[in-house]
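K.L.:
how would this look folded up:
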Amino acid sequence: MATGLRHVRHNAAMLATLVRALAFFLFASAVWSLLPLIARGSEGGGSELYGTLMALIGAGAVTGAFVLPRLQTRLSSDQVAQAGTLGTAMALVLLAISATPPVLMTATFLVGLSWIAVLTAFNVSAQTALPDWVRARGLAVYLMAFFGSMALGSIMWGQVASAASVPVALLAAAAGLILALLATRRFAIGQGEGLDLGPASIWPQAPTLA
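P.N.:
Next up, the predicted model:
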C-alpha cells in the first residue's frame with residue numbers, strides 16, 4: 001500500500017483525476033444524502049415517490065450508458081466530465097426550486113445521466129493513468145477518495161440542510177460544483193490515455209553467461 005500511495009503521489013495524471021474526483025463528489029453527494037428529504041417534502045411525496053425517483057436515476061444511468069459511446073467519439077474524457085458536472089449542477093437547481101413530482105422526476109433522470117458520464121470519465125482516467133504493476137493499489141486510492149468525499153459531503157450537506165433548509169443546501173451544492181469545476185480546470189483528466197505504460201524491457205529476462 002505504501003508503494004501504491006508513493007506512486008500516486010508522483011503520478012501527475014492520477015493526481016489530476018483525484019483532484020477532479022474530490023471536487024465533484026464532495027458536492028454531488030448532496031443528491032444522495034438529501035433525496036429522501038426531497039421526496040418527503042414534495043407535493044404528495046413519500047416512500048412511493050422516493051422509489052420512483054431512485055428508479056429514474058437508474059433509468060438515466062442506463063440511458064447514459066447507451067449514449068456515452070457515441071459521445072466519447074466527439075468529446076474527450078475531460079469534456080465528458082465537464083458536461084456531466086454541469087448536468088448535475090442543473091439537476092440540483094431543479095430539485096431546489098420545485099416540489100412538483102414531474103420536475104423532480106426530470107431532475108433525477110438528469111442526475112443519473114450526468115452521474116454515469118462523470119463516473120465513467122473518472123474511472124477511465126484512473127485506469128489509463130496507472131501501469132499494470134500498481135493499478136490495483138492506485139485504484140484503491142481512487143476509491144478511497146471517492147467514498148471518503150461522498151461520506152464527508154453527505155455529513156456536510158446534512159448539516160447545512162439542518163441549519164438552513166434543503167433547498168438552500170441544494171443550491172449551495174450546485175454553486176459549489178460550478179466553482180470547483182472552474183477552480184480545478186487546469187487538472188485535466190484523461191492524461192494517461194494513449195500512453196504506453198508498459199515496462200521498457202531494456203534488460204534481458206535472464207543473465208547471459210559468457
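
K.L.:
need the pLDDT of Leu75.
P.N.:
Per-residue confidence (pLDDT) for Leu75: 90.

K.L.:
what's the burial count for the nearest residue to it once chain neighbours are set aside?
P.N.:
Of all residues not flanking Leu75 in the chain, Ala83 sits nearest, at 7.2 Å (Cβ to Cβ, 6 or more residues apart in numbering). All C-beta atoms are positioned from the backbone trio N, CA, C, and that covers glycine. Neighbour count of Ala83, defined by other Cβ atoms under 10 Å: 17.

K.L.:
what residues are up against Ala83?
P.N.:
By Cβ atoms under 8 Å, 6 or more residues apart in numbering, the residues touching Ala83 are 75, 114, 117.

K.L.:
please report phi then psi for the first one.
P.N.:
Reported as degrees, to the nearest 10, the phi and psi values for Leu75 are phi -120, psi 150.

K.L.:
and it, how far is that from Ala2?
P.N.:
Leu75 sits 37 Å away from Ala2, going by Cβ to Cβ, to the nearest Å.

K.L.:
show me which of those two is the more surrounded one.
P.N.:
Remark: of Leu75 and Ala2, Leu75 carries more neighbours, 16 against 7, as counted by other Cβ under 10 Å.

K.L.:
sounds good, over and out.
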